[in-house]
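Chemist: whatever this is, show me its structure:
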Amino acid sequence: MTRSPEPFSETVVIAAHGNGAVPTCMETVLVLPGAAPPPSGVAPPGEKADDTVPEDDEAGATVIQDKPFEKPPRSSVLYDALGDRTTEIFLLSKIAQGGQGEIWEAYQKNLDRLIAVKRAHGHIGSQDDFFKEAFASARLDHPNIVPIYDLGLCYHENEKVPLLVMKRIVGTNWAEMMRTERSSPHFSLSIFLAKHLPILVSVINAVSYAHAKGVIHRDLKPSQVMVGDYGEVFLLDWGLAIFLGQEEDEVSETSYPVDLDKVWTLDTATNPAGTPAYMAPEQARFFKDQLGFHTDVYLLGAILYEMVTGRPPHHSEKVQKSLRRAIENEYEPPGPGCPAELTDLIAFCLRTDPAERPASALAVRETITAYLTGAGRKQQSISLCNQLRKRGFANLGYEELSQAARQLSEITHLWPDNPDIDACRHDLLVAYAEAAIANRDFMLARLQADRLEDDGQSAALRRKIEEEQQRALKELPRPPLFTAARLAVVGLCCLAVAFTVFGIVRTAEKTLLDEVMNKVRSIASVAASDVRAEDLRAVDAEQEIYAPAFQRVFNQLSFYRRANDDIRYIYSHRPEFSQGEDHWRTLVDIDPVDLDLNGNGVIESSERGNPPGLLYPDGTAEMLLAFEEKRPTAGILKDDWGSFISGFAPVTDQKTGEVVAIVGVDVLATDVERKARFIRRAGVVGGGLLVLLTAAAFLAYFRSLQAVRRVELLRQLIEKQNAEGTGRQLFLG
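Modeler: Below you'll find the model as predicted:
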């Protein structure tokens, strides 16, 4: 995965003397007005700010509105000397964006490889910052500095803008890596330093090489470092780098004098510049003449400070406060857990007076290397071991003893040959065995006693374990079959089973009711879609059962009744609110007269219908809802004919959208109630069986507990014989 480090975030420009708005991000890179022009929207002192407003692109990164690309005289010369790379390099995806340009993953066609590309913003009036970073980076050819491949032009918003081609880095940002490891509940500072100090050494190598070339970085911090998947370490972002000078003997046949117009120098660079949380005092002030190689030495000490404390030296939630702390060189000393050698080195690097700091970055590397070779680790191991023994292990619980065991493991990791480790380990094992005896964890106590190398102490502990074990066996009461807690558990479980069955039954009844309601709602909706509004208007006007309009509607509704045996009534009504709030006028009832529709020779109540025009006074809220909101509804309807589950759907005039009437479908509720009664009876029978099975299962479980407790007594007697073989295989803690 390709990740973009924080250095590519947009540079913020602050007006001189702090008159500008100050952001609140600790990691902000500050650049005060000087030779470098500010980004759009921020003006140097005495000039009117640009009205350009940042916008958000689809990925959420801040972009700047494009403006015509104006090339000042110096940039014009550099710009005109560049070749067009549009047909050779293809941008694939944006990785990050900053004030000077955008970082892209790209494909280089002529060499068939993936690369990284920094493309200048087309709207920036001057490209001096971009070119100077490019030339500064290109002069630094070191394994821990990202190689620069090419500098050319490409199209952006119909303008050709500079393009810096460099190695594509695959890895993890160092700051993110350290934050992740520090958040682990098993974090160990010694193991953490053993892993990350070699990375810092690689960074120092890159800084030392740059110093040899006369270049200082000025913005060293963990977020400027990428760690590759195969151990590669790269120091990034040389946008604030300053060229301090070049000795005459450095110019040879394989090198050439530096063109000072192409790089930042003390005369052209800005100050303050860098990240306030890490800045050296001379960086945070307005005077540039104090900047030098010692500035990077301070920043290396700030990185080491963050490694041992987890925060930068001038950490604050406000940039202004971080900047003030940097000016006054305020920071809290590392805690007592920091190795003494590293504490001294941090204090040495973070001196306010540059002359009192280490002479070079290489001197810092030598101290760190000496620590890694073991001298400091031995001292730390002795110190931690003395602290552990001084604290003692008496009367500690399992958690405290396990923590002490982890500390002892860390002490051993620092210096395996520490002569005090054996005595500390002996005391810890005895304390662990005593704690296990007190808790009557006899097997655990025997395991610790067996790991003691002192035969006399081990034998004494074994005798004490056997005595306490026999006393425990005598004191062990006969376990009862039933207790109040067990009976309560059985009762609660049976009650839970009963409630569960009750819930299932209620859910089944509701599902049955919902299924019938959905059915009548669907039939009413389909039937209403077949009925024409013109026919219902004609029926309302004629009120004659032998009229063609009535017969058409009658036949359409009769089809749905005969197609569904459980439908008792199907009809069409329109509201007649002039007669009452719940009054409806019958338009079509498929039993308009007493007809033997089923042919059984008897006119049943279900075959006695209402002729058109008859007033129906028992309307429901669902009928009115279907008519007014023009959507199918369903509900329970009770009238003189009985109790029904009814569905209603509006009949709409397709031309005007007006609701003319509703179609109703009735199913006898007694059929649904009969099925619901069956479900309830089945639930009662099934629930009773489940309760009986639950009670029987608990009874069997309680009897098994009695048997297990008796077997436990026998196991405690046998464990003395196999503890000798298994005890040495268990590591304490």
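Chemist: switch to C-alpha atoms for all contacts and neighbour counts from now on
Modeler: Fine.
Chemist: test my guess that residue 421 contacts residue 384.
Modeler: No. The criterion here is Cα atoms under 8 Å, and residue 421 misses it with residue 384 at 10.5 Å.
Chemist: which neighbouring elements make contact with the host helix or strand of residue 460?
Modeler: Using DSSP states H and E, residue 460 falls within helix 455-475. Here helix 455-475 touches helix 421-438, helix 442-450, going by 3 or more Cα pairs under 8 Å, 6 or more residues apart in numbering; DSSP states H and E.
Chemist: repeat that for 7 Å
Modeler: helix 442-450 (3 or more Cα pairs under 7 Å, 6 or more residues apart in numbering; DSSP states H and E).
Chemist: could you list the buried residues of the helix it packs on?
Modeler: 442-450 (16 or more other Cα atoms under 10 Å).
Chemist: again with stretch 362-381
Modeler: Under 16+ other Cα under 10 Å, the buried positions of stretch 362-381 are 362, 364-365, 368, 371, 376-381.
Chemist: quick one, which of those has the minimum pLDDT?
Modeler: Lowest pLDDT among these: residue 376, with 65.
Chemist: helix/strand/coil for the residue of the chain positioned farthest from its centre?
Modeler: Distance from the C-alpha centroid of the chain peaks at residue 601, with 75.5 Å (Cα atoms, centre = their mean). With DSSP: H, G, I helix; E, B strand; the rest coil as the basis, the three-state label of residue 601 is coil.
Chemist: quick one: the helix holding residue 460 to helix 442-450, angle?
Modeler: For helix 455-475 against helix 442-450, the angle by axes from the mean of the first three to the mean of the last three Cα atoms, to 10 degrees is 170 degrees.
Chemist: beyond helix 455-475, next helix or strand please.
Modeler: As assigned by DSSP H and E, the chain's next helix or strand after helix 455-475 is helix 484-530.
Chemist: buried sites along the helix or strand just after that following helix?
Modeler: Of the helices and strands lying after helix 484-530 in sequence (DSSP H and E), the nearest is helix 533-542. Neighbour counts over helix 533-542 (16+ other Cα under 10 Å) mark 533, 535-540, 542 as buried.
Chemist: which residues are in contact with whichever helix or strand comes after helix 533-542?
Modeler: Going down the chain from helix 533-542, the next helix or strand is helix 548-563, by DSSP H and E. Under the contact criterion Cα atoms under 7 Å, 6 or more residues apart in numbering, helix 548-563 has outside partners 527, 531, 535, 538-539, 545, 567, 570, 588, 590.
Chemist: let's go with 10 Å and repeat that
Modeler: Contact with helix 548-563 is made by 523-524, 526-528, 530-540, 542-546, 567-572, 587-592, 597-598, 612, 663-666, as judged by Cα atoms under 10 Å, 6 or more residues apart in numbering.
Chemist: that older thread, what do residue 421 and residue 384 both touch?
Modeler: What both residue 421 and residue 384 touch, as defined by Cα under 10 Å, 6+ apart, is the set 408, 411.
Chemist: what segments of the stretch 51-200 of the chain are helices?
Modeler: Along the stretch 51-200 of the chain, the stretches classed as helices by DSSP state H, counting those that start in this stretch are 73-80, 128-138, 174-182, 189-212.
Chemist: now the angle from the third one to helix 189-212?
Modeler: Think helix 174-182. Using the same axes, to 10 degrees, helix 174-182 lies at 170 degrees relative to helix 189-212.
Chemist: now helix 174-182: average pLDDT?
Modeler: Per-residue scores along helix 174-182 average to 94.
Chemist: equivalent analysis for the last one, please.
Modeler: With pLDDT averaged residue by residue, helix 189-212 scores 92.
Chemist: which member of the buried residues of helix 533-542 is positioned nearest residue 579?
Modeler: Residue 579 has its nearest neighbour among the buried residues of helix 533-542 in residue 540, at 16.2 Å by Cα to Cα.
Chemist: and that closest one, what pLDDT?
Modeler: On the pLDDT scale, residue 540 is placed at 89.
Chemist: my read: it touches residue 612, true?
Modeler: Yes. With contact defined as Cα atoms under 10 Å, residue 540 reaches residue 612; the gap is 7.3 Å.
Chemist: now do the shared contacts for those two.
Modeler: Residues touching both residue 540 and residue 612 by Cα under 10 Å, 6+ apart: 550, 573, 585-588.
Chemist: which of those fall within strands?
Modeler: Those of those mapping onto strands are 573, 585-588, per DSSP state E.
Chemist: and these, which two are furthest apart?
Modeler: Among these, the pair separated by the greatest distance (Cα to Cα) is 585 and 588, at 9.5 Å.
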